[in-house]
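K.L.:
Sharing a model that was predicted from the sequence below.
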There are 2 protein chains.
Amino acid sequence: MNNTEAQKTTASPKSYVIVGGVAGGMSCATRLRRLDPNARITVIERSNYVSYANCGLPYYVGGVIQDEADLLLQTPASLKARFDIDVLVGHEATNIDRDAHKIEVQGIEKGIGTSLDYDYLVLSPGAKAIALPIPGIESAFQLRTVEDVQAITKRLGGKTKSALIIGGGFIGLEVAENLSNRGLQVTIIEASSQLLPPLDPEMAALLTDKIQGHGVRIATSTTIEKIENNVATLSDGSTIASDLFIAAAGVRPDIAIAQSCGLEIGTRGGIVVDDDLRTNDPAIFAVGDAVEKREFFDSGANLVPLANVANRQGRRAADAIMGRLGADPYTQGTAIVTIFGLNIALTGVNEKRLSHSDIEIESIHSHPNSHATYFPGAEEMHIKVIASRSDGRILGAQIIGGAGVDKRIDVIATAIKTKMKVWELADLELAYAPQFGSAKDPINMIGYIAENRLEGNFRATQWHEIEEAIETGVELIDVRDEAEFAQGTIPGAKNIPLNSLRERYREIATPNPIVFCRVGQRGHSAQALLVRYGINAKNLDGGIITWQATKGI
Amino acid sequence: MNNTEAQKTTASPKSYVIVGGVAGGMSCATRLRRLDPNARITVIERSNYVSYANCGLPYYVGGVIQDEADLLLQTPASLKARFDIDVLVGHEATNIDRDAHKIEVQGIEKGIGTSLDYDYLVLSPGAKAIALPIPGIESAFQLRTVEDVQAITKRLGGKTKSALIIGGGFIGLEVAENLSNRGLQVTIIEASSQLLPPLDPEMAALLTDKIQGHGVRIATSTTIEKIENNVATLSDGSTIASDLFIAAAGVRPDIAIAQSCGLEIGTRGGIVVDDDLRTNDPAIFAVGDAVEKREFFDSGANLVPLANVANRQGRRAADAIMGRLGADPYTQGTAIVTIFGLNIALTGVNEKRLSHSDIEIESIHSHPNSHATYFPGAEEMHIKVIASRSDGRILGAQIIGGAGVDKRIDVIATAIKTKMKVWELADLELAYAPQFGSAKDPINMIGYIAENRLEGNFRATQWHEIEEAIETGVELIDVRDEAEFAQGTIPGAKNIPLNSLRERYREIATPNPIVFCRVGQRGHSAQALLVRYGINAKNLDGGIITWQATKGI
């Protein structure tokens, strides 16, 4: 008798109950089925839909996804037929008896209750919108479920001409684009000082013009005092009338059911799990937006409400239940969002957060083209990579641009996962043809810049150090061409184009000036050249583009 | 006195001579300038252009790149002004006196000779077209230099209605697309049994329909006997008249100058260099297409005529000359080509070659969508990943499709460089939004499949094993829907759709059948389900798509 036969005839089937039927919960359920063909598997889902594409919801609102059925990846019937999984939609877990291994479940509309035994319970309750302390906020729509978008789309067309979006994060921007594309006048209200708070400010500054260029109004460092009769009163005292309000101010873990049965909640407000996604109750696992993750670079607790992480955790919880341990427990929060054709992507940790740590960092800004400029259609992109100065480890990246942003962030995300040193990016062999990149890809160039920088031969000045440099009278040399210089430069800068620097270097009066160009490359050549004459210049990292973007900050 | 002062005042300037002013040579020259501001740097280039975009040449022929000036990244004048580099175009090296550290150089047209002293010499002579032993081949154009494309474009328009391209490799396909798009009737003659020989045959088979669908004729396993009066006689005795012949049958290292001065030539026919790009003469370095590289997976010598590798080597040779050693010496040959909107990319080593090695491999074929299917515009792509069965190391990948092919090959190229295990692809955190990928990206899915496969629980059958299975009467179960089955299946296969397998599994008569579906995913679910009933099925890797593609082989 082989193993399979034994499994078939001797063990009594296990019972697995999963709370939450999207992303993490559904991944866990189907993985459990594949690993344990005999088990009873039940999924409890609060909404009326299971396994739906929540990341597509903003695009259904915008009409990009036109058929609601496209959002529904599975139905209870298809899951039953294909996987023998029982799904209870429109139900919620009301009580967990950990000693008895029982969970009570109730139909939300009809209120009929039932009780399920479990060998293992997996909680994947997700996150819920942050409750904003704004009088009248209940008139704002949310964007978490299929029901939410059904309610929003019912309101579109006809008299609905304007929308006010509370929150300028990922979801807020996606909704802003989609509603703007449907012809609504859109306003984004963001409490912090910039859009997309996961970005560093000089990168976020690159978005503002683009978004405003499409007629979307942006108010940062602004909160809402109250909403009354379709009029929002803002923290600066002004008012905005809007036909539609959407709350997208972020989410927090939905820990109600976990808390009610005494599971441990962490400092960040999520369910605490070990590396195998197990809670402090060995029979209960938890995955997805509701749980605290471990940061890749310092192992600290963090919240990362992303679908790809939830899916992975769902699978890993199933593995752990089946005794397959050893999952990679770290998260780095890779994400991407598109607004008006501008792709904004990030991975790892940003400089804002690292400034509160002991890690000394090197930031590298560059503005390469998406592919060889001699091939039509190249678009400028903006890259920031952050590395540890002591050991070169890559800690984070932020990229903004058109084509090829998603590719470069994925390469850096892979580099972070594999603990690459930033200068090793130079040696990556990436696929080159002129429509896809350059013989020295933007990623390779980051490696070359890092190599120069971290070896100590070529020092950089950062955009936020320019103000002090101006105040203290540091000599500023703009090595761009005369025509570029004439378009505007840093206050007090003198123009010596790179191609004439060899003849004119004597015009530099001090031994430690700052040189700069448009993106940093000519500045680097100037810096290398000036060494010949005993001048140790610093090169403005990211050139005047990065500095200029921040003038509005 | 600091280092810079010392450098400025004491050392006598070094002299560097670089033979070859494209890609590797130019990268080396500019890097040398940045590291050694005082040196004399001279570049010798045989053609009349320096630092030109040779990867753009096919697109200039096709009119995609319209202005010849766009191909010229630098000119001798700009290199002199910006970098103080002396460039002699239209010159070739005629003799190297290694003892005297002298190189003789001659103008190709005017024949005026000169002699240059060097402290270090860098050879970057590139590759030249393989000389085909075909009578009349001299009437065929090549595609290596700006002069070549000038000659071709002069012949286009007017009476030139057809083109015959000798060679179905990267350059051959690029030229085929570009000439076809200009309205020429194009025929590709390829000596081997498939297009793009770096691909494995089942992947190359996916191209043929697409290319023929655009009216390009393809003859594989075919050579040319002679070319006479614009008529080619083929190895099968047939003849093809053509207005234009283009030789793109591959290249071999240009080792003439290296050989003439007694530098070591390797078994693969390239200049032998050590890990720091130094030849057997310590004062002479060599880079680019002319040198032998070291394979990433077995350290064997190989030829990799790619621009990105040449650029990197140019820089690393400059580093080594300046005493900065420790470059990464390995190459993995990442490349991409586009033909009629189909992107074909590869990295690492293929199965054909590994079949001659001792390495036992696991091949994984998948056919995922470029992004979430619920978001408009998703395109199917075809991925093959090859890993070592003993330790899981990723050895190679081939990808064919539309959007997102370049991204996935770059992620896998990075994974190969960092020696990732194939199952670790499952845990990569890649940027997900529905227009860019899936919550489980195609890359993650490869990791999941590998995990299942290499743990030994879910065994696979490969496309090339089906023929024997049919002959020996192995039971074949097609688990697709009835409608799909009706469109055609593997001879002898029985249809039991996955969703009814639970009720109908008793119809399977043998304990070790092969199950299959369209791409492999439902087959995997079927396999997992059948275990419950004591049936140990193998799943057809890549599903019927991979098998079907190979029916024409």
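P.N.:
Good, I have the coordinates. Remember, predicted model here, so these are calculated numbers, not experimental data.

K.L.:
chain center to stretch A:194-206, what's the gap?
P.N.:
Mean C-alpha position of stretch A:194-206 versus that of the full chain (CA atoms, centre = their mean, to the nearest Å) differs by 12 Å.

K.L.:
With stretch A:434-452 instead?
P.N.:
24 Å.

K.L.:
Stretch A:454-468 too?
P.N.:
28 Å.

K.L.:
How about stretch A:222-240?
P.N.:
28 Å.

K.L.:
count of residues packed around the nearest residue to A:Ala249 once chain neighbours are set aside?
P.N.:
Take A:Ala249 and drop its neighbours on the chain: the residue closest to it by CB to CB, 6 or more residues apart in numbering or on different chains is A:Gly167, 3.8 Å away. In this view, the C-beta of every residue, glycine as well, is placed from N, C-alpha and C. Neighbourhood size, A:Gly167 [other CB atoms under 10 Å in any protein chain shown]: 25.

K.L.:
do the same with A:Ser260
P.N.:
Other residues close to A:Ser260 by other CB under 10 Å number 12.

K.L.:
How about the contacts made by it?
P.N.:
If a contact means CB atoms under 8 Å, 6 or more residues apart in numbering or on different chains, then A:Ser260 has A:Asn95, A:Ile96 as its contacts.

K.L.:
what do you get if the cut-off is 7 Å, keeping everything else the same?
P.N.:
Going by CB atoms under 7 Å, 6 or more residues apart in numbering or on different chains, A:Ser260 touches A:Asn95.

K.L.:
how about it, phi and psi?
P.N.:
Note on A:Ser260: backbone dihedrals following degrees, to the nearest 10 are phi -60, psi -20.

K.L.:
same question, A:Arg408
P.N.:
Here A:Arg408 shows phi and psi, under degrees, to the nearest 10, equal to phi -70, psi -40.

K.L.:
Check the gap between it and B:Ile443 for me.
P.N.:
15 Å (CB to CB, to the nearest Å).

K.L.:
how far out from the middle of the chain is stretch A:235-250?
P.N.:
That offset, for stretch A:235-250, works out to 24 Å (CA atoms, centre = their mean).

K.L.:
can you list contacts of that stretch?
P.N.:
A:129-130, A:132, A:137, A:139-143, A:155, A:159-167, A:169, A:171-172, A:175, A:187, A:222-223, A:225, A:227, A:230-234.

K.L.:
Show me just the buried residues among these.
P.N.:
The neighbour count (16 or more other CB atoms under 10 Å in any protein chain shown) marks A:129, A:132, A:137, A:140-143, A:160, A:162-167, A:169, A:171-172, A:175, A:187, A:222-223, A:227, A:232-234 as buried among the contacts of stretch A:235-250.

K.L.:
Let's see which of these end up in helices.
P.N.:
A:Ile171, A:Gly172, A:Val175 (DSSP state H).

K.L.:
doesn't A:Ile188 make contact with the second one?
P.N.:
Yes. Counting by CB atoms under 7 Å, a contact exists between A:Gly172 and A:Ile188, whose distance comes to 6.0 Å.

K.L.:
Overlap of the contact sets of these two?
P.N.:
A:Ile165.

K.L.:
give the contact list for A:Thr223.
P.N.:
A:Ala191, A:Ser235.

K.L.:
Local confidence estimate at it?
P.N.:
We have a pLDDT of 96 for A:Thr223.

K.L.:
for chain B, what are the nearby residues on the stretch 351-500 of chain A?
P.N.:
A:372, A:374-376, A:406-407, A:409-411, A:413-415, A:417-418, A:420, A:427-436, A:439-440, A:498-499 (CB under 7 Å from any CB of the partner chain).

K.L.:
What subset of those is buried?
P.N.:
A:372, A:374-375, A:406-407, A:409-411, A:413-415, A:417-418, A:420, A:427-436, A:439-440, A:498-499.

K.L.:
For the stretch 201-350 of chain A, which segments count as helices?
P.N.:
In the stretch 201-350 of chain A, the helices defined using DSSP state H, counting those that start in this stretch lie at A:201-213, A:256-260, A:307-321.

K.L.:
Dump the first one to CSV, keeping only the CA atoms.
P.N.:
Below are the C-alpha coordinates for helix A:201-213, written out as CSV (Å, rounded to 0.1, in the frame of the first residue of the first chain):
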residue,chain,number,x,y,z
PRO,A,201,9.0,64.3,-1.3
GLU,A,202,11.3,65.1,-4.2
MET,A,203,9.9,62.1,-6.1
ALA,A,204,6.2,62.9,-5.2
ALA,A,205,6.9,66.5,-6.4
LEU,A,206,7.3,65.1,-9.9
LEU,A,207,3.6,64.0,-10.0
THR,A,208,1.9,67.2,-9.1
ASP,A,209,2.2,69.0,-12.5
LYS,A,210,1.2,66.0,-14.4
ILE,A,211,-1.9,65.4,-12.4
GLN,A,212,-2.9,69.0,-12.3
GLY,A,213,-2.3,69.2,-16.1
